[in-house]
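S.K.: What follows is a predicted structure for the sequence shown.
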Amino acid sequence: MKLFNNIFMCLSALFLVFFLHGAGMADSETPKQTAKLSPETQACIGCHSSVTPGIVEDWLSSRHSYMTPGEAMKKPPLERRISATDVPEELRGYAVGCYECHSRNPEKHQDNFEHMGFRINVVVSPNDCNTCHPVEVGQYAGSKKANAWKIIMKNPLYHTLVSTIDGLKQVENGKITMKEPSPETLRETCLGCHGTKVEVKGMKTINSSMGEVSVPNLTNWPSQGVGRENPDGSIGSCAACHPRHSFSIKIARQPETCGQCHLDPDVPAYNVFKESKHGNIYDALKSEWNFTNVPWVAGKDFKAPTCAACHVSLITAPDGTVIAERTHDFGARLWVRLFGLIYSHPQPKSGDTTIIRNKDGLPMPTTFLNEPASDFLIDKAEQEKRFDIMKNVCRACHSTQWITGHFDKLQNTIRETNEMTLAATRLMIEAWEKGIEDKSNPFDEQIEKLWIKQWLFYSNSIRYASAMTGAPDYAAFKNGWWELSDNLQKMRDLIDLKELVKNKTIDRKKDN
Amino acid sequence: MKLFNNIFMCLSALFLVFFLHGAGMADSETPKQTAKLSPETQACIGCHSSVTPGIVEDWLSSRHSYMTPGEAMKKPPLERRISATDVPEELRGYAVGCYECHSRNPEKHQDNFEHMGFRINVVVSPNDCNTCHPVEVGQYAGSKKANAWKIIMKNPLYHTLVSTIDGLKQVENGKITMKEPSPETLRETCLGCHGTKVEVKGMKTINSSMGEVSVPNLTNWPSQGVGRENPDGSIGSCAACHPRHSFSIKIARQPETCGQCHLDPDVPAYNVFKESKHGNIYDALKSEWNFTNVPWVAGKDFKAPTCAACHVSLITAPDGTVIAERTHDFGARLWVRLFGLIYSHPQPKSGDTTIIRNKDGLPMPTTFLNEPASDFLIDKAEQEKRFDIMKNVCRACHSTQWITGHFDKLQNTIRETNEMTLAATRLMIEAWEKGIEDKSNPFDEQIEKLWIKQWLFYSNSIRYASAMTGAPDYAAFKNGWWELSDNLQKMRDLIDLKELVKNKTIDRKKDN
Amino acid sequence: MKLFNNIFMCLSALFLVFFLHGAGMADSETPKQTAKLSPETQACIGCHSSVTPGIVEDWLSSRHSYMTPGEAMKKPPLERRISATDVPEELRGYAVGCYECHSRNPEKHQDNFEHMGFRINVVVSPNDCNTCHPVEVGQYAGSKKANAWKIIMKNPLYHTLVSTIDGLKQVENGKITMKEPSPETLRETCLGCHGTKVEVKGMKTINSSMGEVSVPNLTNWPSQGVGRENPDGSIGSCAACHPRHSFSIKIARQPETCGQCHLDPDVPAYNVFKESKHGNIYDALKSEWNFTNVPWVAGKDFKAPTCAACHVSLITAPDGTVIAERTHDFGARLWVRLFGLIYSHPQPKSGDTTIIRNKDGLPMPTTFLNEPASDFLIDKAEQEKRFDIMKNVCRACHSTQWITGHFDKLQNTIRETNEMTLAATRLMIEAWEKGIEDKSNPFDEQIEKLWIKQWLFYSNSIRYASAMTGAPDYAAFKNGWWELSDNLQKMRDLIDLKELVKNKTIDRKKDN
């Protein structure tokens, strides 16, 4: 009964909120009047404006709050932010509010529950966003990002790497032993970016400011990683880049968003961008740029590309010519894969890379000695096609010779960093062959770890510095050639030193 | 005589300055008219507008320049930035100018001196700010921050660590010898953040642009560290967060301020924030936020918390409900201590941690093997109380289940990082027991230094990444689990290698 | 023929562009009307507004687009951004457009070619900018920056260091072999900042969006490093700091610009600035500052200095007093050299440091044991003169005692970091004398590399942290005293360990 009293108080508060608020602000623009709210969303806000006021304010600042799907569908094609042509009739006339999103497809949602008289899903999934944004959801579904949880958890080799890093170690009698990683540690390390598997384990009672409430008990939650496995069976999280309830295109277009995961030392895309000329111009001028326009006009809305400009956004010239079509398959403009694997190689055909098998039967795009698993990788023609899309983005601001010179350099860098990795692989194999380290787990001993650093940290960093036109310090001293060269010496010295320990141990055994 | 001519010229300049200036700007707001200046402050500005024009301009941009204490006291309680109810009568009607602050409590100030006809203190201390801001000064005085100099300089164990790091080393005949650190090096390393002890060593004559001037000779100056020992006997520096003469709340609320000290690799709070979703939203939207409002309204003035929002500021909901009371005791919303010590543990009862004694009689909150010195640490009830304050801040934007899931993860992380530190401690003890390294100074040899890194760099970083909802890369590859696991291997290998050197040396000794 | 059709279409587009555009925006100011364009520049823009629209938009945002040299010359002396008093008559009445810059001094330009009916230089060099900015170009020409390519490529010792780092390594039979670095790798590491040598190797045909075009074939291109060797024989690149076609003073005055190269771990000027109080205030308040005013008014236009304020810009007080004259010789306000060499020492007399010879006949400003090559370094009097210029900048906002205390600390830091480097040098010499490592290349083995880190990473970082008033963490744990002290231990242990390997090898040889 107490709950219903609370709800009544909330409903009265609702009107107050909207009178006081005026309206939200949409990405730097002048405040807009909130569009008509559905009765259900009014009820949600009635309580949540006092229970979780930050969420309501966030939503009030979003385009979802002042634009109905019906209005959005009327925009000229290039300006449309909604790709559906058949939004359900009942949604067209209302703001895209709490209920509109949190009530979709209830039959699919393990996390659907009865809440204050409504059936609500806790987690809104890409499959729900699909109602209005089917093209984006479709593109995303085929990407490596959407498969990010599977890639790291279902590929036995990567899973071994993950477990070796994240597993709790103990020391007993001088010996280091290891357990499997806890879900919590996985969730705040690798799966923080890759996404977790969110399941429902019955209901649980929580103490909210509205009193006791019964809610679905979610595992591995909160979770916003790009490859989240959702309780409705879909994969991905749109909130990874369009966070929470502002669904902001402005945030998504800023490199800090990508920079939550694409970071030093393993994937230093953001760090390299910040050190590049593009990043320099972005930092100096961004306060004057327009991050919300659709389409995004090169030279006018922005003077130097952010991550989104090169990889995702619909870009036009000031005269309206389309420079690049929008894509939410983040690999669609990429012809080579620079990071994450031992050697750089052509992009995989499928976003689900667990299906790849190399010559040695391992689920990797190359062998340890860099023979590509070509059947699973895109061919030259597809590479050229994607390369052309990217070059077209560059062409908005750079001459052809500039672009050619830039990418020739990248090509050379891929070749050289692959060779430097191969050199490290040879040293590691020597350590294995001499019995100094044990290849059964190739990721858990010192020389092996130096080998991992050679590709995962140093080669990757140099390739990023090369690809993103700048960041000479990343390519030189900061996880660059200095480390790449130094690391080979370290491996050499450590093999020689650990050989002494090994022989000593053998000597001692002989003596006994 | 020359001085008085100069002063006369300055006074004439004063009028010019104010006519030209119009008035200062207060934190992004429209320019305000300067409030009435006391005659003494007019005299100060007369010269200093040409001697140190940047200081005068800075002050002109401050609220102190256009708001008198008398006016400030009339604000409604929640909007008040002044906590005194009894500001001395003679201060109420004037702007808070040079003289008002630099002439307080002259009898306590070793650094009080006669300057151009006035008695002036060089250093304005928290005890002076206390005139108008007694609640804030009182809260601060009990914090670890205020005691930061003492904590590091008067705890023999930490002092040994400091000396081992900062002491000048020399190599003679292949042997490394060490001196005590110089005051200058202490001042730009540890004491740069912790604060220095500022004392007066007589007077000295300096050559200013006004000619020769005699001033108190301050030791360890300049100094802005949080635990500065002031020449009036008080501790702390408000300028650490409200820098110099703008006394800006805007600056204090931005994470870059905390980020001068709370930094990678030992205290990566700022680095982790920048990589978190909160930091992402801050970076993308901060130019639209209001950093000066009091109270600070969650969801309206800011869409994601900065350091100040969670730890310091008075926060309200848009409807005026108080979410968190203001506190200048930076530990008041903290139940566990994450960093700086070997193991994470409950917050200490007193900001002066030099009084703590563990079971082994050492001034540390735990033993080397992680037994807590519980008598000196807050109890469960106090922990719960503080935890509730923090959870209330989260609740503004997050559901109860979200918050529970988040902090359960932190709890697990504290447990696991403590275990990983314990594993390293065991290896270090092995090295001590085998005579490979010498425990008399536990901080000065290679295996010991790897042990320090285990807790001071890696465990700390992971805990921050866990506590601040994000930064998976910090928890994984960047000073995270990668390093935490790798470091144990490094310790193991180094023990085995240094044992060879030790035995060889013994062998050689036997041979001789 | 196709080309001419294209050109005709472009020319028609030209009018459209300007009607649609209105005009460009100059650094945050309100849009200005574009000045009168020369017929040649009109022709350029005719095509390039569709071929490279971003370049045209960038230029439209520049002062060059709306201000003619004739108007610029009429400004009062302190406000002038143009130092020529004799700009050629034919340039005075037009905007500084494409043709005005890309057609200068054709007789000197190897890269001059016939393009669409005009003679065009691909690369605009400082010698071309000299037409309107002779004072700046003259100052720059004498700086170390202008000589940056030569310094690193023509000094045999530094060249060895560069080659050792950047050369491709291979492993054959367990042995690491090295090749000379490729031009591409040099270009994206050291020469990314230092600049490349750009030469013309005949013509080549490229596929532009206008069809096939024949252009000069430039080597090592693109290239924007500060010491670029240009195809007209001049040295330097103004675009390094005033990027591309906005020639923005706003960008050049922001620390992110310097921060593309002056970066962790070898030259952490930018990183240290960001952690300093100056950087903190910059981050918090920059959106309110004026980065375009000339002269730049301390306290009014900016509240804390950026790199440019201390090292380059014309700074005045609010009352118009000149605090520091503008200089584009970036060493003109520097009395000591903090980074890049083994020991800190007085600035070199000439920006071309390849002429220096120390007592041992090596091209270095000190010997390995820190005896200065004084004949090539500025003397005490010149040091004092430069020191005074810098102190005058500080004086705008700081008292004399503050400044003295600050620089005394720096002096001590230089002395101590030099001593810490000397200690490491002694250990390296021990390793050489014992035959553990080979001094023929002093940069390619493990103990040698630890020695390099001692000065290039750690001592440098501490000096920066000291010089730039803040960043205690850089001086302590992050590449500071922690590492400086730890590194000596690492060298000591590694000498002892590698001696075991050496003796073992000798033992084995004896056994055979």
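M.R.: All right, it came through fine.
S.K.: what's the neighbour count on A:P126?
M.R.: Neighbour count of A:P126, defined by other Cβ atoms under 10 Å in any protein chain shown: 22. (Glycine included, C-beta is placed from N, CA and C.)
S.K.: Look up the pLDDT of it for me, please.
M.R.: pLDDT recorded at A:P126 is 98.
S.K.: How about A:F4?
M.R.: Predicted confidence (pLDDT) for A:F4: 48.
S.K.: Wasn't A:T205 part of a helix?
M.R.: No. Counting by DSSP: H, G, I helix; E, B strand; the rest coil, A:T205 is not part of a helix but strand.
S.K.: so it sits right up against A:S214, yeah?
M.R.: Yes. Look at A:T205 against A:S214 with Cβ atoms under 8 Å: they come within range, at 5.3 Å.
S.K.: Pull up the overlap in contacts between the two.
M.R.: Common neighbours of A:T205 and A:S214 (criterion: Cβ atoms under 8 Å, 6 or more residues apart in numbering or on different chains): none identified.
S.K.: can you list the weak-confidence ranges in chain A?
M.R.: Applying pLDDT under 70 to chain A flags the ranges A:1-32, A:508-512.
S.K.: show me the contacts for the residue sitting nearest the centre point of it.
M.R.: Centroid-nearest residue in chain A: A:V226, 4.6 Å away (criterion: Cα atoms, centre = their mean). Contact partners of A:V226, counting by Cβ under 8 Å, 6+ apart, are A:145-146, A:148, A:193-195, A:236-237, A:240-241, A:261.
S.K.: where's A:T404 relative to chain C, distance?
M.R.: For A:T404, the distance to chain C (Cβ to the nearest Cβ, to the nearest Å) stands at 7 Å.
S.K.: leaving aside the residues next to it on the chain, what's closest to that residue?
M.R.: C:I206 (6.9 Å; Cβ to Cβ, 6 or more residues apart in numbering or on different chains).
S.K.: next structured bit after the longest helix along chain A?
M.R.: Secondary structure of chain A per DSSP state H: the longest helix is helix A:400-433. Counting by DSSP states H and E, the next helix or strand C-terminal to helix A:400-433 is helix A:446-452.
S.K.: hmm, that following helix in reach of chain C?
M.R.: No. Under the criterion of Cβ under 8 Å from any Cβ of the partner chain, helix A:446-452 makes no contact with chain C; the nearest approach is 11.7 Å.
S.K.: what helix or strand does A:Q383 sit in?
M.R.: Per DSSP H and E: helix A:380-395 holds A:Q383.
S.K.: Please state the offset of that helix from the chain centre?
M.R.: Here helix A:380-395 is found 22 Å from its chain centre; the criterion is Cα atoms, centre = their mean, to the nearest Å.
S.K.: In three-state terms, label the nearest residue to A:T196 once chain neighbours are set aside for me.
M.R.: Computed as Cβ to Cβ, 6+ apart, the closest residue to A:T196 that is not its neighbour in sequence is A:N220, at 3.6 Å. On the three-state scheme (three-state DSSP), A:N220 is labelled coil.
S.K.: A:N220: neighbour count?
M.R.: 21.
S.K.: Might one say that it is in contact with A:E188?
M.R.: No. Using Cβ under 8 Å, A:N220 is not in contact with A:E188, being 10.5 Å away.
S.K.: what residues does stretch A:169-180 touch?
M.R.: With Cβ under 8 Å, 6+ apart, stretch A:169-180 has contacts from A:163-164, A:167-168, A:444, B:419-420, B:422-424, B:426-427, B:430, B:485, B:488-489, B:492, B:495.
S.K.: Pull out the buried residues from these.
M.R.: If you count burial by 16 or more other Cβ atoms under 10 Å in any protein chain shown, the buried members of the contacts of stretch A:169-180 come out as A:163-164, A:167-168, A:444, B:419-420, B:422-424, B:426-427, B:430, B:485, B:488-489, B:492, B:495.
S.K.: Could you pull up the residues touching the residue of the stretch 51-200 of chain A found nearest chain C?
M.R.: Residue of the stretch 51-200 of chain A nearest chain C, by Cβ to the nearest Cβ: A:L78 (15.9 Å). Contact partners of A:L78, counting by Cβ under 8 Å, 6+ apart, are A:294-295, A:314, A:316, A:320, A:322.
S.K.: Surely it is within a helix?
M.R.: Yes. Using three-state DSSP, the assignment for A:L78 is a helix.
S.K.: measure it to C:R119 for me?
M.R.: Remark: distance between A:L78 and C:R119 (Cβ to Cβ, to the nearest Å) = 40 Å.
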